[in-house]
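[1] Give me the fold of what follows.
(2 chains)
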Amino acid sequence: MTAIIEARGLGKQYRSRWALIDCTLSIPAGHVVGLVGPNGAGKTTLLHLVTGLLTPTAGTIEVAGGRPAASGAQLARVGFVAQDTPVYAAFSIADHLRLGAHLNPGWDAKLAADRIRRLGLDPASKAGRLSGGQRAQLALTLAIAKRPELLILDEPVASLDPLARRDFLRDLTDAVAEHHVSVVLSSHLVSDLERACDYLVVLTAAHVRLTGEVADLLTAYRQQAGMQADLEDLVLACLSQPADHHRYAPEENR
Amino acid sequence: MIWLTWRQFRAQTAVAVTALTAFAVILGVTGPDLAHAYAASGLASCRGNCTSLSGTFLSQVRSDAVYPLLYFAGGAALYLTPALIGIFWGAPLVTRELEAGTLRLAWNHSVTRTRWMAAKLGLIGLAAMATAGLLSLMVTWWSGPIDQAGGFPVTMGQLSRFSPLVFDARGFAPVGYAAFAFTLGVTVGVLTRRTLPAMAIVLACVAVVQLGWPTVVRPHLIPPATSTGTVSVNLSTARVGHEGELAVPVTGMPGAWIISNQTITPSGRVFVLPDVAACSTGTQQQCDRFLATQHLRRRITYQPASRFWAFQAYETAILAVLSLALAGFCVWWIRSRRLAR
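    Next up, the predicted model:
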């Protein structure tokens, strides 16, 4: 299977501080990838490197076969819902869809209009008046309707209440199944990702600690921690490892 | 990108169109009367020495209730327009989206940052130039009769359209200033990343350029002409400087820009009022009689009125090159630096 994200020795330095160090990843296409780590671990930095909003200080990254944000065609392959789901407060929902149609050659107007209708949103309402959950849905609609190969969501549910959180993740799972798109979804809560993800990347203190398919990781972990151990136990065990261990043991057992 | 730029900029466009329309109405109502007064003064058909005709016309303008107000309001508007464009169109262009986080939305559609920045700079830059250009066209047309009569009369002579105070409010120089102020605003915004500091810096920079240009840059664009001739000094009209040097007002050079005006001795040195009895304790007439015996001459350096459009072209061209350089810098910066948080 071809890799949708291929990073080698990737690093990013802000002034004197390294936000991401020696990150090597090869994530196969067709997964819903959960990117987990505590606040400040470097999740947003990694996702911004994937979208091309940041350029690496060290190493290389390829996304869907090209350098991130290198051209219009490359940008079209990646959809991004940024943290806090920014939208233009003065624009109506219809304006946002028009924006999407004007800026994306592959824009699926029907998909966008259908989603907005299904979500019960009034196209004439201003984006600045939407609730957090509705705004997240609008941002997701914009990212999906450009029909990307890879969809990236940076803490999409962090500001949502539990009900909106569940609805958003369910809706995302449905959309992913329908449009065969690879997804990377970041969160600092494993419970958010448990239902939606089948691939896991754990990031702490600027280092990638663990990466692999959830099923494989769980199988390996349960051999040492017992059959009732779940994904949350696995991630917690991984996060409590001393910082000089770059990789968590189970991956090496495989 | 054209649609997005227009959608984000339509409120500002409405403000600009409203302001231009208001100006057009006010100047359009009063302008024909002013032109009519000029035609009636006989200045249009005057050949040779027209000093008395223009004096009559200008004192009529000066004593009018609205003409002086509109004359100075038009000039002030053209000086303020570049600063306002830099502050409200240029500075917030990138910083507003940076502060609201919407750059992360704007830059993840299928349009590269380079195209995004180029479209915004190009389209809004053209709007800025059109706004300043239309305003200048109106003001230049309205002030035409006054400028042709040599300029608005003030205490020391006349404000010709070539004089430092008026030059940047005529012709196409305002177009260059608008382009410069706009691209400067975007550049400062991109560098500071915050709207309010960017606005303050742009205001200061535009003011410095507007004030500094006539004294530091403009006099050197073309070497000034020099003229020396005999002069009769009359203390009731001559201006006396701090060191006792004299300047006799220049007449008969309508529309020229007088850069320096000195009264010199026959040997070519600057004349200074000497400590003689006729001038220190005597009457003004006694001092004038003494001065008449000194064979004083007047040396002026100036730019002839005929060079007005050449100066307009130079100044606008320099500002256009600066604007292009700033715009290029913005595109390069956006491309190579990553502004996302």
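
[2] hmm, who's touching stretch B:12-22?
    B:6, B:88-89, B:127, B:131, B:134-135, B:138 (Cβ atoms under 8 Å, 6 or more residues apart in numbering or on different chains). Where C-beta positions appear, they are placed from N, C-alpha and C, glycine not excepted.

[3] How about stretch B:89-97?
    For stretch B:89-97, using Cβ under 8 Å, 6+ apart, the contacting residues are B:12, B:103, B:106, B:117, B:120, B:124, B:127-128, B:181-186, B:188-190, B:192-195, B:198-199, B:202, B:330, B:334, B:339.

[4] Run a quick neighbour tally on the closest residue to residue A:39 other than its chain neighbours.
    Spatial nearest neighbour of residue A:39, chain neighbours left out: residue A:188 (5.6 Å); criterion: Cβ to Cβ, 6 or more residues apart in numbering or on different chains. Residues lying near residue A:188 (other Cβ atoms under 10 Å in any protein chain shown) number 15.

[5] Contacts only, for residue A:188.
    Taking Cβ under 8 Å, 6+ apart, we find residue A:188 in contact with A:36-39, A:43, A:155, A:158.

[6] just the helices in the stretch 101-250 of chain B please.
    B:103-106, B:113-148, B:164-167, B:173-192, B:195-212 (DSSP state H, counting those that start in this stretch).

[7] Around chain A, which positions in the stretch 1-150 of chain B sit nearby?
    B:1, B:3-4, B:7-8, B:100-102, B:104-105, B:107-113, B:115 (Cβ under 8 Å from any Cβ of the partner chain).

[8] Buried subset of those as a ChimeraX selection?
    Of the residues of the stretch 1-150 of chain B next to chain A, the buried ones can be selected in ChimeraX as follows, counting by 16 or more other Cβ atoms under 10 Å in any protein chain shown:
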select /B:1,4,7,8,101,102,104,105,107,108,109,110,111,112,113
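
[9] tilt between the biggest helix by length in chain B and helix B:113-148?
    Taking DSSP state H as the criterion, chain B has its longest helix at helix B:2-41. Comparing the axes of helix B:2-41 and helix B:113-148 via axes from the mean of the first three to the mean of the last three Cα atoms, to 10 degrees yields an angle of 10 degrees.

[10] in helix B:2-41, what counts as buried?
    B:4-5, B:7-9, B:12, B:16, B:23, B:26-27, B:30-31, B:34, B:37-38, B:41.

[11] Closest one of those residues to residue B:78?
    Among the buried residues of helix B:2-41, residue B:23 lies closest to residue B:78 (Cβ to Cβ), at 10.3 Å.

[12] Next up, the contacts around that closest one.
    Contact analysis of residue B:23 by Cβ under 8 Å, 6+ apart lists B:74, B:77, B:135, B:138.

[13] Kindly report the same for residue B:161.
    Taking Cβ under 8 Å, 6+ apart as the test, what residue B:161 contacts is B:143, B:147, B:151, B:167, B:170, B:255, B:308.

[14] Let's see the pLDDT reported for it.
    Per-residue pLDDT puts residue B:161 at 90.

[15] Same check on residue B:53?
    The per-residue pLDDT reported for residue B:53 equals 87.

[16] Can you say which helix or strand has it in it?
    Using DSSP states H and E, residue B:53 falls within helix B:51-62.

[17] Which elements pack onto that helix?
    Counting contacts by 3 or more Cβ pairs under 8 Å, 6 or more residues apart in numbering or on different chains; DSSP states H and E, helix B:51-62 is packed against helix B:2-41, helix B:67-85, helix B:113-148, strand B:152-154.

[18] Nearest to residue B:259, out of these?
    Nearest of the helices and strands packed on helix B:51-62 to residue B:259, taken as Cβ to Cβ: strand B:152-154 at 17.3 Å.

[19] Same question for that closest one: list its buried residues.
    With burial defined by 16+ other Cβ under 10 Å, the residues of strand B:152-154 counted as buried are B:152-153.

[20] mind listing what that strand pairs with, with the direction of each?
    Strand B:152-154 pairs in its sheet with strand B:157-159 (antiparallel), by DSSP bridges.

[21] Can you name the residues in contact with the partner strand?
    Under Cβ under 8 Å, 6+ apart, the answer for strand B:157-159 is B:58, B:150-153, B:165-166, B:249-250, B:254, B:258.

[22] Then stretch B:37-55?
    Contacts of stretch B:37-55 (Cβ under 8 Å, 6+ apart): B:56-57, B:60-61, B:145, B:148-150, B:251-252, B:254.

[23] Check which helix or strand the closest residue in space to residue B:102 that isn't next to it in sequence maps to.
    Spatial nearest neighbour of residue B:102, chain neighbours left out: residue A:86 (4.8 Å); criterion: Cβ to Cβ, 6+ apart. Assessed by DSSP H and E, residue A:86 sits outside every helix and strand.

[24] so residue A:86 touches residue B:99, yeah?
    No. Contact criterion Cβ atoms under 8 Å: residue A:86 and residue B:99 do not qualify, at 10.5 Å.

[25] could you show me where the helices are in the stretch 1-150 of chain A, in order?
    A:43-51, A:72-76, A:93-103, A:109-118, A:132-145.

[26] tell me what the last one is packed against?
    Spelled out, that is helix A:132-145. Using 3+ Cβ pairs under 8 Å, 6+ apart: helix A:132-145 touches strand A:78-81, helix A:93-103, helix A:109-118, strand A:150-153, helix A:162-179.

[27] What is the nearest of the contacts of stretch B:12-22 to chain A?
    Closest approach between those and chain A, by Cβ to the nearest Cβ: residue B:6, at 10.2 Å.

[28] got a pLDDT number for the closest one?
    91.

[29] Please list all residues in contact with it.
    B:13, B:123.

[30] Which of the contacts of stretch B:89-97 are buried? Put it as a PyMOL command.
    Only the buried entries of the contacts of stretch B:89-97 go into this PyMOL selection, using 16+ other Cβ under 10 Å:
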select buried, chain B and resi 12+103+106+117+120+124+127+128+181+182+183+184+185+186+188+189+190+192+195+198+199+202+330+334+339
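
[31] returning to that earlier point: report the contact partners of the residue nearest to residue B:102.
    By Cβ under 8 Å, 6+ apart, the neighbours of residue A:86 are A:139, B:100-102, B:104-105.

[32] State the distance from the residue nearest to residue B:56 when sequence neighbours are not counted to chain A.
    Excluding the flanking residues, the one nearest residue B:56 by Cβ to Cβ, 6+ apart is residue B:41, at 6.4 Å. Applying Cβ to the nearest Cβ, to the nearest Å, the value for residue B:41 to chain A is 53 Å.

[33] For residue B:220, the count of nearby residues, please.
    8.

[34] Most neighbours among the contacts of stretch B:12-22, which one is it?
    Counting neighbours by other Cβ under 10 Å, residue B:131 comes out on top of the contacts of stretch B:12-22 with 26 neighbours.

[35] Looks like that residue contacts residue B:84 (just checking).
    No. Using Cβ under 8 Å as the test, residue B:131 is too far from residue B:84 to be in contact (9.5 Å).

[36] rewinding a little: which of the contacts of residue B:23 sit farthest apart?
    Between any two of the contacts of residue B:23 (Cβ to Cβ), the greatest distance is 9.5 Å, for B:77 and B:138.

[37] Tell me which residue of the stretch 101-250 of chain A lies closest to chain B.
    For the stretch 101-250 of chain A, Cβ to the nearest Cβ, closest residue to chain B: residue A:103, 3.6 Å.

[38] Perfect, I'm done here.
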